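Chemist: Fold the following and give me the result.
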Amino acid sequence: MEDLTGKLPEETELYDLADLFKVFGDSTRIRILFVLFDTEVCVCDLAKALNMTQSAISHQLRILKQNKLVKSRREGKSIYYSLADDHVRTIINQGREHIEEE
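Modeler: Numbering: from 1, shown residues only. The predicted structure is shown next:
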């Protein structure tokens, strides 16, 4: 029988990948990412759009930023958030395609 373990990534890469997918396990974070699909937004506008407190949004943005899914830019006293790169959009779109399959 063929050695199948040789096809597995390193253990650390497997843990990192699992951690990344855990971030997508929260519907609030998914909602934030959808808002950021087309535009750069400040925390106050995200809070209004999602009918949540600014502190709740900030907490979720911190997690998204730590996992390199969003980036921020300061303009005066305001901080604007956007998707970190096109990979984020691709991951979500692929997930949507998968769940919409019959």
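
Chemist: CA only for contacts and neighbour counts going forward, please
Modeler: Noted.

Chemist: and the gap between the residue nearest to the spatial centre of the chain and residue 47?
Modeler: With distances taken as C-alpha atoms, centre = their mean, residue 69 lies nearest the centre of the chain, 4.4 Å away. Separation of residue 69 from residue 47 (C-alpha to C-alpha, to the nearest Å): 18 Å.

Chemist: likewise residue 4?
Modeler: 47 Å.

Chemist: Have a look at those two and say which one is more surrounded.
Modeler: residue 47 (18 against 7; other C-alpha atoms under 10 Å).

Chemist: Could you check how far the more buried one is from residue 15?
Modeler: Residue 47 sits 32 Å away from residue 15, going by C-alpha to C-alpha.

Chemist: same question, residue 65
Modeler: Separation of residue 65 from residue 15 (C-alpha to C-alpha): 18 Å.

Chemist: the strands in this protein, which residues?
Modeler: 41-42, 70-75, 78-83 (DSSP state E).

Chemist: what distance separates the first one from the centre of its chain?
Modeler: Relative to the chain's own centre, strand 41-42 is displaced by 15 Å; criterion: C-alpha atoms, centre = their mean, to the nearest Å.

Chemist: Mind listing the strands that strand pairs with, and their directions?
Modeler: Sheet pairing here is set by DSSP bridges, and for strand 41-42 it gives strand 78-83 (antiparallel).

Chemist: Provide the contact partners of the strand it pairs with at residue level.
Modeler: 33, 36-37, 39-43, 69-74, 89 (C-alpha atoms under 8 Å, 6 or more residues apart in numbering).
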